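>>> below: sequence and its predicted model.
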Amino acid sequence: MPAIVVLKGAGLVGITLFVWYYFSPQYTEVGYQPKQPIEYSHKLHAGDLGIDCRYCHSSVESTPFAGIPSTQVCMNCHNMIGKDNPKLAPLRESWETGKPIEWIRVHDLPDYAYFNHSVHVHAGVGCKSCHGDVSRMEKVTRKEPLSMGWCLDCHRNPAPHLRPQSQVTNMNWKPSEEDLRRAQSLVSSGQVRPSLQCSACHR
Amino acid sequence: MMSMENKTQSNDLYWRSLEQKEGEKSSMDFLHREFPEGASELSSPVSRRTFVQLMGASAGLAGMVACRMPKEKIVPYVKSPEHLVPGKPKYYATAMTLGTQSYGLLVESNNGRPTKIEGNPKHPSSLGATNSFAQASILSLYDPSRSKQPKKDQVEQTWETFASEWETLCAQAKKNQGAKIAILSQTYASPSLDHHRDVFLAAYPKASWVFFDGGEQSNESAALTHRSGGSLRTYLNLSKAQVVLSLESDFLGKDVDSVRHTKEFSKNRKIESTKDSMNRLYVVEQSYSLTGANADHRLPVPSSHIYDVLVTVAQQLNRLGASVASLPKAKANKTEYQQSWISECAADLWAHRGQSLITVGKHQPKEVHALAAAINMSLGNQNKTVFYYKTLGHESSVMDLHALSEKLQAGQIDTLVILGGNPVFEAPTRLNLASLISTIANTIHFSHQCNETTKVCHWHLPQSHELESWGDVTNVDGTRSLIQPLIQPLFQTKSRLEMWALLSSNQLRSGYDLLTAFANQHGPSQNFWRKSLIEGVYNTGILPPMTPEVAGFPKVEPMEGIVVRFEHSSATFDGRFAENTWLQEAPDPMTKVSWENPALISPTMAKDLGVKNGQWISLETDHGQIEIPVWIMPGHARNSITVHLGYGREVANQNTKGVGFNVFPLRSLTSMNLTQVKNIKALSKVTTIASTQNHGSMEGRPLVRENTLEEFRKHPEFAKEAVEHPPLKSLWKEHAYEDGYQWGMSIDLTSCTGCNACTVACQSENNIPVVGKEQVINGREMNWIRIDRYFNGPEEDPMVVHQPVACVHCENAPCEQVCPVNATVHDDEGLNTMVYNRCIGTRYCSNNCPYKVRRFNFFNYTKDTPELMKMANNPDVTIRFRGVMEKCTYCVQRIAGAKQTAKIEDRKVVDGEITTACQQVCPADAIVFGDLSDPNSRVSKRKKLEQDYEMLAELNIKPRTSYLAQLRNPNPKMPSAGGQA
C-alpha cells in the first residue's frame, strides 16, 4: 500500500512539474513565429535601413496601442521602391482594392489584461525589453513570455529596463554608468514607480 | 402622513414593500437566502458528478491544442482617416429627439463605433447630463431585430424600386393636387424636416398631413393661446422658484425637459451648512411619481379631481388677496385634512409671490392648464419662474387622426404614408385603423422595426437610427442643434431627412447634402456650420416670452367612480423603447417592477377588491376590456387605477413580444389620458411580478437617514448619531492607506431623485448583461448600482426615500476576508478590486457583503450576444464569464485612463478629471467622486458636511462611499394627520 501512495505522489509531482513547465507561456509562447501575409523583414527596414520604429508604429507614444501601419504608410515608399517586387503583390493588391492586410498578432495579451504602450515609453522602457532585438529579425518572433510573472519582475525592479527618452527605440543602446545611476535614482526617488496592484492592468 | 417632527430614526418606520411591512414569509425568504431557491442548482438534469466527468473528458481532448492562445489578427486601415488614432476614443456632439423634445449629446466613438452617450454641457436641455432613455438609445442602434431592407409585401426590394414607384404615384396624384394622399407622421420639431414638408404640401396642396403619437396627449397648447393666434407652452425656471406646486406634473421624471428641471430643482436643495435654505415642493397626484417622491408634501387624489383641487387653491388665494376671476364653485366633499392641506399650500404660494410656481401635467384637461396660467400670472410668477413660449414643432392630435380615419373609411384616400411609430397598435381601437389601412391601395410604413402597423402595410421602409443620421432639431426653448451621424447606416436604411426629401422631391439624396443645402439656403455659413457641429448647438435662447390669453373656467364635474389613467412608462416611454432591453430590465423607479406593466392600485382598493400583488383583474371601460395583474402601490390615490403604455406587443422581436400587457384598448378618442371604469372584478389567476423591491434587503438597519431642515439646524449631527456603537477595534492589522490617490465617493440623498439614469449609464459603461424577467424574479439582476426605494409612513400616504447603492469600497472589506483565492483584493488607492480571472465562483464574498452589492454570473449571459450588439461594448472593460462575481469598480478604467494621461503629462490627476459613469449622467449632481487625500477636492469637502454619514459604519468596515442624509423642508403649518377622500 505505501508503495502505491508513493507512486501516486510521485505521479502527482510529475504531472505538476510537467504542467508547470510545458503549459507555461515560457514554453508555449516564446519563439512563436507565425507566417505573415507579407514576408515583411524588420531586419531590413529597422536594422539595415535604420528606419525608426515610430515611423510605422506612430501612436506608441500617445495611445495604449503602438499601431500597425496602414497600407498607405507602406505605399509612401513602395510606390517608388520595389514596384515590381513579387513579394509586395499583396500590398499593391490591398492598395488597389482597398482591402486591408490581415496581419497575425505575435505579441498578444489576454483580453482581461490592459497594457498601455504610451506610459511605458514615457517612463523610458525600451521597445527591446519586451519585443527583443527586432532590428535583427527577418520574421518577428516572440522573445519574451509576456506572462504576468514576467511583467511583475520588471514592475518590481524596473531600473535595469529604463533608458533616456531619446534611446527608447534604439536597439543597439548600451547603458553607461551614468545611465544606470540615473535609472536607479528615478526609481528610488519615486519618479518611476510601477504599480503592483491588480487594478493597474485588470479592469 | 407622518409628522416630520415626531420622526425618530427608528428604522421600523422604513419599509421596502407591503410584504415586508406585514412581515410576510416571501419577503423574509428573500432576505434570508442570499441566493434564492434554485439559484445554486443547474437547471438542466446533468448531475454534478456527470458534469465533472464531462469537463474532465473535454479537458483531456482539448489537450495541447489549447496550449497556445487563439490566433488573433490585426487589421489596419488601408488609408487612415485623418485625426483618427486607433485606441483613442473621439467625442462628437449630436442630438437625440423624443417627440418634440430634444437632448444634446456628446457621443464617445471607439474606432468608429459609438459606444457611450453623455450629455452636452452646452445644450440647454441636457446641461451635461442625460436620462435613461438617452443612455439606452445606443443599444437600439445595435439591435439585430432592426429592419434592414425595404420590403414590399414581405419581398425584399431596393430603395430605387420604391423611388420609381413613388414617382408614378406622385405623377397620378398631381392631377388632383394630392387629394388622395395622406401622411401620418410622428411628432417632431425640426426646421429641415419642415422645409421638406412645406415643399411637399406646396406640390400637393390638397394632401393631408396628420401628426399622431400614441402616448399621453398634451392639452396645454389648446388651453394657452396667444393674441396673434398661435398656441403657447409653459417653460419653467425652477432655479428661481422657492415654492412649487405640481399638479400631476412629473417634471422631475417623465415630462418634457426633465433633465434641466432636475438640474435646476436640485441646485436649490443643496445644503452645505445649517444656514442654507431650501425650496419647497407640494405635489398633488394620483399615482406615485418621481416628482411625488421628492416632494415635501404630497396629496394623493385621483387624476380626475385635480381641477377641483386647483379651483380650491385659486379660491383660497383670492381670499388672501389674489384676483383670479370667474372661478367655478369647488365641490365641497373634501376631508378636513385635504381642505387644510390646500389652504396651507395656497398660503405658502401667496407668501412667495413671484418666487413660486404652479405646474400642471400636460395630460390634464385644458381648463386645468388655463387656470394654472391664470394663477401663475396672478401670483406675479410670469417671466420670473414661468415663461410662456410659442409652441415649436408639431403636436399629436388624435382628432386629426379621427378625421383621417373617416377619409379612409369614405374611400377618399388611395395612398397612405405612415412615417414612424406604430399607430395601428396605439390608436383607439374604435377607429379600426388596421382594417381600414388594409383596404388602401398604396400603403407605406417607414420605421425602425417591424410592428403591428408594418403588418397591414404593403411597403416597409427601414428607418436609420439617429446616430446614423444627419438632421436638425429645435429645442423647446428655441435652441437649435444639429444631429450628426457617428457611423454610416449599418443597414439599408434612410434617415428621416432623407425620407422627407424623397417624399417631397422624389430624390434619393444623402442626408449630408440635404442638410448642408438647407443650411446654406437658410443662413449658416461654412464657418458657422463647423462651429455648430463642434458645439452641437446654435441659435441659443432666442424665443421672446409671451402672454397667454386665458378664457373663463367652466364648471367641471369630476368623474365619479373609479378612473383609470394612462401614463408613460419609465421603460418604454409611449412604446417607442419597447425593444430596448436595458430599459425593460431597469426596475421602474417607483414600483421597482421590471419587464412588466401591472395596473397600479392603492392598498385600500386592493382590500376592497380582495386582490393581492400579481393577482389578475378584469378591467372594462366604455371602449374595451382587458385582463391585467395588479400591483399594490402605497401612496396611490384611492378609487383610481394607473396603467403604463407601450407594452403587450404581438408583432415584435423576441425580447418584446408578449412582454407586459396591452392597455391601449381601454382608450377612446375623448379619453386618451383618463377614463372612467365601467366594470372591475378580481380574477383568480395570480402571476409572479418581476419586482426588485425586496432584493438586496439589509435587515432593517438604519440605512437611509432623513430629517427636516429645521431639525437639522437644531441637531446638525443627527445622521452620524443615528447609530450608537462601542469604540471600533479591528481584529487584525489594517491596510494602511498612506500615499498616492485615495478614491472616495459621496452621494447626496437630498438631491437624488431616484431616476434610474445612473443604473443604465453604468450598464452601458461597464458591459453589464441583461438577464431577463425569469432571472430578475430569481434575484439575479446584474446592475452594479441599484436604487433602493423606502417607504415611510402609513400605507395610504407614505413618503419615499431613494438611495442609490453600489459597492462602497470598504477599507476593511468583509468580502476580501472570505475569498479563498484572493480574487477580490484591495489596492493602495482604496479600490476594492475584482480580479475576474482568479474568481472561482464560491460566492462567499457576496454572502459576507453587508451591502448586498455583488452580482454573480449564474450563466454565460454574454454567450449569445449577437455580433452586432457586441459593438455597443466598452473596449476598456472585460466581458465576464459564467461563474464569476462582479460589482462596481468605481469605473476603474476611467481612473486608470486619467492616471496614465497625467503620468505622460508629468502631473497629478486634478480634481474633477475623473468622473464615474453614474456621476457624469446624474442630472441632480447627487454623486461626487474624487481623491480623499486632497483636502480641497469636492468629495473631501462634501464628506466634511454635517449631514454626511457612512452606511453601516458600526461594522467597522470603513466604506469609501458615504451619503449625505436626506433633508426635507416641510411647511410647519401643514396638518399632520394623513387621510384621503
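Done, it's in.

>>> touching, B:E706 and B:A965? I think so.
Yes. Taking contacts as Cβ atoms under 8 Å, B:E706 lies within contact range of B:A965: 6.2 Å. No exception for glycine: its C-beta is placed from N, CA and C like everyone else's.

>>> what do these two both touch?
B:L749 (Cβ atoms under 8 Å, 6 or more residues apart in numbering or on different chains).

>>> chain A: strands as residue ranges?
Under the criterion DSSP state E, chain A carries strands at the ranges A:103-104.

>>> lowest-pLDDT helix or strand in it?
helix A:25-28 (a mean of 74; mean pLDDT, DSSP states H and E).

>>> so, in contact with chain B or not, that one?
Yes. Helix A:25-28 reaches chain B (Cβ under 8 Å from any Cβ of the partner chain) through A:T28.

>>> does chain B sit close to the next helix or strand after that helix?
Downstream of helix A:25-28, the next assigned helix or strand under DSSP states H and E is helix A:42. No. Helix A:42 lies out of reach of chain B by Cβ under 8 Å from any Cβ, never closer than 15.1 Å.

>>> hang on, the earlier thing: centre of the chain to the least confident helix or strand of chain A, how far?
15 Å (Cα atoms, centre = their mean, to the nearest Å).

>>> stretch A:44-56 now?
That offset, for stretch A:44-56, works out to 16 Å (Cα atoms, centre = their mean).

>>> same check on stretch B:273-292?
19 Å.

>>> how about stretch B:510-517?
For stretch B:510-517, the distance to the chain centre is 32 Å (Cα atoms, centre = their mean).

>>> try stretch B:555-563
That offset, for stretch B:555-563, works out to 31 Å (Cα atoms, centre = their mean).

>>> only alpha carbons, please: show it as CSV.
Listed next in CSV are the C-alpha coordinates belonging to stretch B:555-563 (Å, rounded to 0.1, in the frame of the first residue of the first chain):
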residue,chain,number,x,y,z
LYS,B,555,-67.6,74.2,-14.1
VAL,B,556,-66.3,70.6,-14.4
GLU,B,557,-67.8,67.7,-12.6
PRO,B,558,-65.1,65.3,-11.6
MET,B,559,-65.6,61.8,-13.0
GLU,B,560,-67.4,59.7,-10.4
GLY,B,561,-66.5,56.2,-9.5
ILE,B,562,-63.2,54.6,-10.4
VAL,B,563,-61.0,56.2,-13.1
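
>>> tell me which residues of that stretch are tucked away?
B:P558, B:M559, B:I562, B:V563 (16 or more other Cβ atoms under 10 Å in any protein chain shown).

>>> distance of the first one from B:Y307?
I take that to be B:P558. As defined by Cβ to Cβ, to the nearest Å, B:P558 lies at a distance of 7 Å from B:Y307.

>>> mind listing what the residue lying closest to B:L98 once chain neighbours are set aside touches?
Excluding the flanking residues, the one nearest B:L98 by Cβ to Cβ, 6 or more residues apart in numbering or on different chains is B:F133, at 6.3 Å. Residues near B:F133 by Cβ under 8 Å, 6+ apart: B:L98, B:F573, B:F577, B:L583.

>>> give the contact list for the third one.
Under the criterion of Cβ under 8 Å, 6+ apart, the contact list for B:F577 reads B:F133, B:A136, B:S140, B:A571, B:L583, B:G646.

>>> so which residue of the stretch 201-350 of chain B comes closest to chain A?
B:V259 (29.0 Å; Cβ to the nearest Cβ).

>>> that residue and B:S481, how far apart?
For B:V259, the distance to B:S481 - Cβ to Cβ - is 14 Å.

>>> who has more neighbours out of the two?
B:S481 (33 against 27; other Cβ atoms under 10 Å in any protein chain shown).

>>> dihedrals phi and psi, the more buried one?
Backbone torsions for B:S481, taken as degrees, to the nearest 10, come to phi -130, psi 150.

>>> ok, the closest residue to it other than its chain neighbours - contacts?
Leaving aside its chain neighbours, B:S481 sits nearest to B:A95 (4.0 Å; criterion: Cβ to Cβ, 6+ apart). When contacts are counted by Cβ under 8 Å, 6+ apart, B:A95 touches B:S102, B:Y103, B:G104, B:L105, B:N120, B:H123, B:E466, B:V473, B:S481, B:L482, B:I483, B:G536.

>>> what's the residue lying closest to the third one once chain neighbours are set aside in contact with, if anything?
I take that to be B:G104. Nearest residue to B:G104 in three dimensions, chain neighbours excluded: B:H123, at 2.2 Å (Cβ to Cβ, 6+ apart). Each residue near B:H123 by Cβ under 8 Å, 6+ apart is listed here: B:A95, B:S102, B:Y103, B:G104, B:L105, B:N475, B:T479, B:S481, B:G536, B:V537.

>>> what pLDDT is listed against the first one?
Yep, that's B:A95 we're talking about. Per-residue pLDDT puts B:A95 at 95.

>>> just the element for it, please.
Assigned by DSSP H and E, B:A95 belongs to strand B:90-98.

>>> could you do the second one as well?
In the assignment (DSSP H and E), B:S102 maps to strand B:101-110.

>>> for that strand, packing partners?
strand B:90-98, strand B:113-119, helix B:132-141 (3 or more Cβ pairs under 8 Å, 6 or more residues apart in numbering or on different chains; DSSP states H and E).

>>> deepest-packed of those, please.
helix B:132-141 (a mean of 24; mean count of other Cβ atoms under 10 Å in any protein chain shown).

>>> give the next helix or strand downstream of that helix.
strand B:151-152.

>>> ok, back up a step: and the contacts of B:F133 as CSV, adding pLDDT and secondary structure?
Converted to CSV, those look like this (pLDDT from 0 to 100; DSSP: H, G, I helix; E, B strand; the rest coil):
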residue, pLDDT, secondary structure
B:L98, 93, strand
B:F573, 92, strand
B:F577, 93, coil
B:L583, 95, helix
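
>>> which stretches of chain B aren't confidently modelled?
Scanning chain B for pLDDT under 70 picks out B:1-12, B:24-69, B:522-524, B:540-541, B:696-700, B:977-981.

>>> for it, what lies in contact range of chain A?
Contacts of chain B with chain A, taken as Cβ under 8 Å from any Cβ, map to B:67-69, B:71-80, B:85-88, B:825, B:827-829, B:831, B:833, B:835-837, B:876-879, B:889, B:892-893, B:895-896, B:900, B:903-904.

>>> so which of these belong to strands?
Those of those lying in strands (DSSP E): B:K73, B:I74, B:V825, B:T833.

>>> tally of neighbours for the first one?
This points to B:K73. 11.

>>> could you find the closest non-adjacent residue to B:Y737?
B:G830 (5.5 Å).

>>> list phi and psi for that neighbour.
Dihedral angles (degrees, to the nearest 10) for B:G830: phi 90, psi 10.

>>> which residues in chain A form helices?
Per DSSP state H, chain A carries helices over the ranges A:2-22, A:25-28, A:42, A:53-56, A:71-78, A:89-97, A:117-123, A:127-131, A:148-156, A:177-188.

>>> including mean neighbour count, could those helices go into a markdown table?
Listed next are the helices of chain A as a markdown table, based on neighbours: other Cβ atoms under 10 Å in any protein chain shown:
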| stretch | mean neighbour count |
| --- | --- |
| helix A:2-22 | 10 |
| helix A:25-28 | 16 |
| helix A:42 | 21 |
| helix A:53-56 | 18 |
| helix A:71-78 | 17 |
| helix A:89-97 | 16 |
| helix A:117-123 | 20 |
| helix A:127-131 | 20 |
| helix A:148-156 | 14 |
| helix A:177-188 | 14 |
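
>>> coming back round to it: hmm, the residue of the stretch 201-350 of chain B closest to chain A is touching B:T130, no?
Yes. Contact criterion Cβ under 8 Å: B:V259 and B:T130 qualify, at 6.5 Å.

>>> what about A:L49, distance to chain B?
Plainly put, A:L49 is 21 Å away from chain B if you go by Cβ to the nearest Cβ, to the nearest Å.

>>> count of neighbours near that residue?
Residues near A:L49, counting by other Cβ under 10 Å: 11.

>>> can you say which of the residues of chain B next to chain A are buried?
Looks like these have B:69, B:74, B:76-78, B:80, B:85-87, B:825, B:827-829, B:831, B:833, B:835-836, B:876-878, B:889, B:892-893, B:895-896, B:900, B:903-904 buried, using 16+ other Cβ under 10 Å.
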